[in-house]
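A.B. asks: Quick one, fold the following:
(one chain, ligands or ions: 1)
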Amino acid sequence: MTESEPEVKCLLDELGLREKQQFPISQNKRYIARNGKPVMIPSNPIALIKSNFLSTQSKFQILLEPFFWKKSDFSKVSDPQESVAGFFQRHFGKEVVEYLIDPFVAGTSAGDPESLSMCHAFPDLWNLEKRFGSIISGAFQSKLTAKREKSGGKKDSTNKKQQRGSFSFLGGMQTLTDTLSKELGKDALKLQSKVLELSWSCNENSPTDNWSIAYASNHTNNSEEQSFDAVVMTAPLNDVRELKITKRGNPFPLEFLPEVSYLPVSVIITTFKKVNVKQPLEGFGVLIPSKEQQNGLKTLGTLFSSMMFPDRAPSDVYLYTTFVGGSRNRELAKASKDDLKQIVTSDLRQLLGAEGEPTFVNHFYWSKAFPLYGRNYDSVIKAIEKMQENLPGFFYAGNHKGGLSVGKAITSGCKAADLVISYLDSSSDNKLL
Ligand SMILES: Cc1cc2nc3c(=O)[nH]c(=O)nc-3n(C[C@H](O)[C@H](O)[C@H](O)COP(=O)(O)OP(=O)(O)OC[C@H]3O[C@@H](n4cnc5c(N)ncnc54)[C@H](O)[C@@H]3O)c2cc1C
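C.D. replies: Numbers count the residues shown, from 1 in each chain. Next up, the predicted model:
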């Protein structure tokens with residue numbers, strides 16, 4: 001995960017997780033496959049211009065973008081349904097979409113630039129265009145302003161350089177959820193429980209405690225009930241559609257919630273003996289652009305897990321985490337473990353010279369790994385708003401709005417919690433029980 005959001009910083013501090021935060025080794029070394037081989041991505045725009053990663057034409061297009069995209073030009077093209085591909089092609093051309101944007105969106109959301117909505121998938125960049133016209137000068141100016149605001153116009157005297165970028169925890173991401181559940185306590189948390197029914201009733205005498213929740217716990221079929229002041233719903237929207245919700249005793253039908261399209265992904269974990277990997281690469285991992293399927297590569301990308309975190313595998317093996325499927329190849333995501341092992345082995349042979357069979361294979365299939373922020377995603381956001389407007393004290397959070405990542409999910413949860421507090425404050429008897 002990353003900690004670009006202030007809510008994440010706050011959570012890590014509050015949970016006392018700083019000591020367990022684990023930053024990957026050489027995380028700036030990231031690769032993209034080109035002509036069937038991994039090529040290191042230049043780590044900043046100047047290095048990109050100096051490198052041979054893009055053609056001269058694309059480099060010129062990047063250099064000239066601030067001049068071509070003045071604020072006044074942009075008003076002509078603001079289409080809220082514009083795809084990610086359309087947006088970046090306007091600014092930087094086709095090659096940038098094919099070799100930078102396509103692998104990036106596949107690696108972070110399993111989506112493809114044509115299907116993804118720009119204003120929902122990259123709201124910050126969408127707004128930058130609105131404000132500045134040019135993405136490059138907009139990003140530059142916003143960074144400058146943020147820096148100035150942070151230091152209050154003064155130079156940072158602490159000189160404390162914080163590590164940045166992606167990170168995990170000693171013990172893996174599970175450490176975060178384990179720590180959270182320990183902090184909340186077993187009594188407050190109902191793990192392995194499925195919410196079945198929610199009902200809101202307006203009790204004049206007690207403005208709080210209006211939500212009654214029925215849930216089945218610990219795999220038993222017996223349903224239990226409990227009352228709450230408010231509800232923050234973080235289940236995927238398609239699961240919310242299955243719930244029974246009542247309002248003042250009447251059914252609250254959820255048919256207005258549109259069906260969200262989900263992208264399936266298989267995650268395949270393999271290890272290879274170090275001696276059998278002829279061109280191991282140090283760094284974060286490699287992403288595969290869709291175009292590289294013509295060079296025989298079928299996976300979406302691979303994380304070099306044990307290169308980043310050597311404690312994750314015995315010292316004589318390399319451990320890799322490979323992703324297959326997404327909107328590029330929905331069918332392949334569903335393939336059997338054996339078929340996926342062959343596909344991954346073939347890609348890793350081509351990319352890293354991994355010879356022979358993996359010494360260990362594990363496989364997870366996520367049938368609904370990511371909601372697709374498609375070009376009609378406005379209807380999803382509007383339906384979420386309608387649900388919240390019509391159900392007092394009901395708030396929806398999670399990765400169906402505001403971004404797809406652990407950090408964004410945390411931020412969304414924190415924002416919902418703030419709304420709950422305001423809601424309870426504004427109710428006549430503002431007791432936070
Ligand atoms: C393969 C894969 C790799 C990823 N890698 C990264 C990464 O490297 N970095 C990153 O930042 N993000 C990554 N993500 C994305 C990240 O995992 C999600 O954005 C994040 O988990 C979203 O959190 P959430 O709480 O919104 O939803 P979820 O994590 O989907 O949680 C929703 C929960 O609701 C539960 N639920 C559903 N219905 C009910 C019900 N009726 N009652 C009770 N519970 C219910 C579900 O069981 C589920 O546990 C990855 C996702 C996948 C699939």
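A.B. asks: what's the neighbour count on the closest residue to the ligand within the stretch 1-150 of the chain?
C.D. replies: Residue of the stretch 1-150 of the chain nearest the ligand, by C-beta to the nearest ligand atom: residue 1 (4.4 Å). The C-beta positions use only the backbone N, C-alpha and C, and glycine is treated the same way. Burial measure for residue 1: 19 neighbouring residues, criterion other C-beta atoms under 10 Å.
A.B. asks: OK, contacts around it?
C.D. replies: Contacts for residue 1 were tallied using C-beta atoms under 8 Å, 6 or more residues apart in numbering; they are 8, 166-168, 173, 176, 405-407.
A.B. asks: Just the ones of the residues you listed in strands?
C.D. replies: residue 168 (DSSP state E).
A.B. asks: which among the contacts of residue 1 are in contact with the ligand?
C.D. replies: Restricting the contacts of residue 1 to those near the ligand by C-beta under 6 Å from any ligand atom leaves 405-407.
A.B. asks: Filter the residues you listed down to just the ones in helices.
C.D. replies: Those of those mapping onto helices are 406-407, per DSSP state H.
A.B. asks: List the contacts of the one residue in the stretch 251-400 of the chain that gets nearest to the ligand.
C.D. replies: Closest to the ligand within the stretch 251-400 of the chain is residue 398: 2.9 Å, counting by C-beta to the nearest ligand atom. By C-beta under 8 Å, 6+ apart, the contact list for residue 398 reads 233-236, 409, 412-413.
A.B. asks: do residue 325 as well
C.D. replies: Neighbouring residues of residue 325 by C-beta under 8 Å, 6+ apart: 110, 263-266, 300, 332-334, 369.
A.B. asks: Helix or strand next in line after the helix or strand hosting residue 365, which one?
C.D. replies: Following DSSP states H and E, one finds residue 365 within strand 360-371. Toward the C-terminus, strand 360-371 is succeeded by helix 378-390 as the next helix or strand (DSSP H and E).
A.B. asks: average pLDDT across that following helix?
C.D. replies: Across helix 378-390, pLDDT averages out at 94.
A.B. asks: Quick check: residue 200 touching residue 391?
C.D. replies: Yes. Using C-beta atoms under 8 Å, residue 200 is in contact with residue 391, at 6.1 Å.
A.B. asks: shared neighbours, these two?
C.D. replies: 245, 247, 252.
A.B. asks: so which of those is the most crowded?
C.D. replies: In the shared contacts of residue 200 and residue 391, the most neighbours by other C-beta under 10 Å go to residue 245, 19 neighbours.
A.B. asks: need the residues of the chain near the ligand, please.
C.D. replies: Contacts of the chain with the ligand, taken as C-beta under 6 Å from any ligand atom, map to 1, 194-195, 234-236, 239, 265, 267, 366, 369, 398-399, 404-407, 409.
A.B. asks: Can I have the buried ones of those residues as a PyMOL selection?
C.D. replies: Restricted to buried positions by 16 or more other C-beta atoms under 10 Å, the PyMOL selection for the residues of the chain next to the ligand reads:
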select buried, resi 1+194+195+265+267+366+369+398+399+404+405+407+409
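A.B. asks: and the strand holding residue 365, what other elements does it pack with?
C.D. replies: strand 262-273, helix 337-352 (3 or more C-beta pairs under 8 Å, 6 or more residues apart in numbering; DSSP states H and E).
A.B. asks: Just name the most buried of the ones you listed.
C.D. replies: When you average the neighbours per residue for each of the helices and strands packed on strand 360-371 (mean count of other C-beta atoms under 10 Å), strand 262-273 leads with a mean of 22.
A.B. asks: Tell me the helix or strand right after it.
C.D. replies: Downstream of strand 262-273, the next assigned helix or strand under DSSP H and E is strand 285-287.
A.B. asks: Return the set of buried residues in that next one.
C.D. replies: Here strand 285-287 shows 285-287 as buried, counting by 16+ other C-beta under 10 Å.
A.B. asks: repeat for stretch 368-387
C.D. replies: 369-375, 377, 380, 383-384, 387.
A.B. asks: Stretch 190-205 now?
C.D. replies: 190, 194-195, 198-200.
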